[in-house]
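[1] pasting a predicted model and its sequence here:
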Amino acid sequence: MMSSRRSPRTSIALSAVLASVLALAACGGSSGGSPYSTSPGNTGGTSTGGSSNNIAEQNLTFSPKFDTVAVGSTVTWTNKDAVTHSATADASGGFDSGDMAGGATFSHTFSQAGTYAYHCKYHGSAGSGMYGVIVVK
């Protein structure tokens, strides 16, 4: 018969995991007035200035969903689904791919540091459904 008591090692491990989750939630930051926070643990990848970074639109999600790039980086979205998607900035006047049929690509060069939240106008909205965040440093 198994005991319902946890070993001290299990209790310590659970406490460490809880402390890590709380620390990540507390230290997430944002810039440019964006309501979205990101942390180093949530970044999908990093590009250097002037290089290209690719984001797939597939299975009603952006992959990676969170990304960090350097100022001057070009990010390219590729629709790998058969349905139409978009990459539309949450902020008014931001980037907008327009309708992207299956196989279509869209590129945008980020010339200023900041946090850029975006979504698919067909399958998401600001911070919900098919959305993503790019942090430009």
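    Yep, it's here.
[2] I figured residue 121 hits residue 89, correct?
    No - contact between residue 121 and residue 89 fails when scored by Cβ atoms under 8 Å: they sit 10.6 Å apart. Placement of C-beta: from N, CA and C, glycine included.
[3] show me what the top strand by length along the chain pairs with in its sheet, parallel or antiparallel.
    The residue-count maximum for a strand in the chain (DSSP state E) belongs to strand 114-125. The pairing partners recorded for strand 114-125 under DSSP bridges are strand 88-89 (antiparallel), strand 128-136 (antiparallel).
[4] coming back round to it: what is in contact with residue 121 and residue 89 at once?
    Overlap of the contact sets of residue 121 and residue 89 (by Cβ atoms under 8 Å, 6 or more residues apart in numbering) is empty.
[5] name the residues that touch the host helix or strand of residue 108?
    Taking DSSP states H and E as the criterion, residue 108 maps to strand 105-109. Applying Cβ under 8 Å, 6+ apart, the contact partners of strand 105-109 are 52, 72-79, 87, 95, 97-98, 100.
[6] thinking again about what came up before, tell me which of the strands paired with strand 114-125 is the most buried.
    Among the strands paired with strand 114-125, ranked by average contacts under mean count of other Cβ atoms under 10 Å, first place goes to strand 128-136 (a mean of 21).
[7] any idea of the mean pLDDT in that one?
    Strand 128-136 carries an average pLDDT of 95.
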